[in-house]
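Asker: Below are the sequence and a predicted model for it; my questions follow.
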Amino acid sequence: MDKFNSLYDFIDFARANRKYPDSTANNLKSALKIFEKELNIEELKSIDVVEDSIGEIFRSLVIANKNKSIISLNTYKARLLKVIKDYKKYGAEPSKMQSWITKTRKSTPLLIKKDKKDKKNVVLSNLINAPVENFHKIDLSFDCGKVQILVPKGITKTEIETIKSIVDSLAKK
């Protein structure tokens, strides 16, 4: 009959043998700590009892941790069950640890692949790199069409008079 505390030793042993990365081992230990608070004396003495009564233990865990979301509590439950499963498979007989083949994850999630595809379509804003516009833009609509007039900000009175005379010459009489 294996005690609940032997799961902590198993996680350390699996980490030392590179079966669990550090982050996974820490996450599994935190799940054990949360569940350990809800276990009675008989459950602390046997992993099999914990596994058999996981439903009741989980209900008391949910009641005791009302401030946590049910999603995170379900994650802790899954982690506990994973440790128990791994312990039964590899921890009860340490020589089996050698045959434990770990899954390696690729570090390119779907979003990164999608971003790489869309990278060709992404255009950085030209306005950021463009110089500040030093003119006034005037858009006018007439019966004959639309006109856009760009007037420099530093225009002199003589230049204004010249522009006025050009525009006046375009008018129909």
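Answerer: Everything's here; your move.

Asker: List the buried residues for stretch 92-99?
Answerer: For stretch 92-99, a neighbour-count test (16 or more other CB atoms under 10 Å) marks residue 97 as buried. Any C-beta I mention is one placed from the backbone N, CA and C, and that applies to glycine too.

Asker: average pLDDT across that stretch?
Answerer: What stretch 92-99 shows for mean pLDDT is 76.

Asker: who's in contact with that stretch?
Answerer: Residues outside stretch 92-99 that contact it (CB atoms under 8 Å, 6 or more residues apart in numbering) are 2, 13, 14, 17, 19, 89, 90, 91.

Asker: got the residue ranges for the helices in this structure?
Answerer: In the chain, the helices defined using DSSP state H lie at 6-16, 22-36, 41-45, 47-52, 54-64, 70-86, 110-118, 126-129, 157-170.

Asker: per-domain residue ranges of the chain.
Answerer: 6-103, 129-170 (automatic domain parsing).

Asker: what would the helices of the chain look like in TSV with mean pLDDT and mean neighbour count?
Answerer: Output for these, formatted as TSV (pLDDT from 0 to 100; neighbours: other CB atoms under 10 Å):
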stretch	mean pLDDT	mean neighbour count
helix 6-16	91	18
helix 22-36	93	16
helix 41-45	91	13
helix 47-52	91	17
helix 54-64	92	14
helix 70-86	93	16
helix 110-118	58	9
helix 126-129	54	7
helix 157-170	85	10
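
Asker: want to throw these into TSV with distance to residue 143?
Answerer: Output for the helices of the chain, formatted as TSV (distance: least, CB to CB, whole Å):
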stretch	distance to residue 143
helix 6-16	81
helix 22-36	71
helix 41-45	89
helix 47-52	85
helix 54-64	74
helix 70-86	64
helix 110-118	45
helix 126-129	33
helix 157-170	14
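
Asker: gap between the nearest residue to residue 22 once chain neighbours are set aside and residue 81?
Answerer: Excluding the flanking residues, the one nearest residue 22 by CB to CB, 6 or more residues apart in numbering is residue 15, at 6.6 Å. To residue 81, residue 15 is 19 Å away according to CB to CB, to the nearest Å.

Asker: do the same with residue 27
Answerer: 13 Å.

Asker: same thing with residue 37?
Answerer: From residue 37 to residue 81 the distance is 17 Å (CB to CB).

Asker: and if you look at residue 100?
Answerer: 17 Å.

Asker: what does residue 70 give?
Answerer: On the measure of CB to CB, residue 70 and residue 81 end up 16 Å apart.

Asker: ok so, going back, with residue 145 as the reference, name the closest of the helices of the chain.
Answerer: helix 157-170 (12.6 Å; CB to CB).
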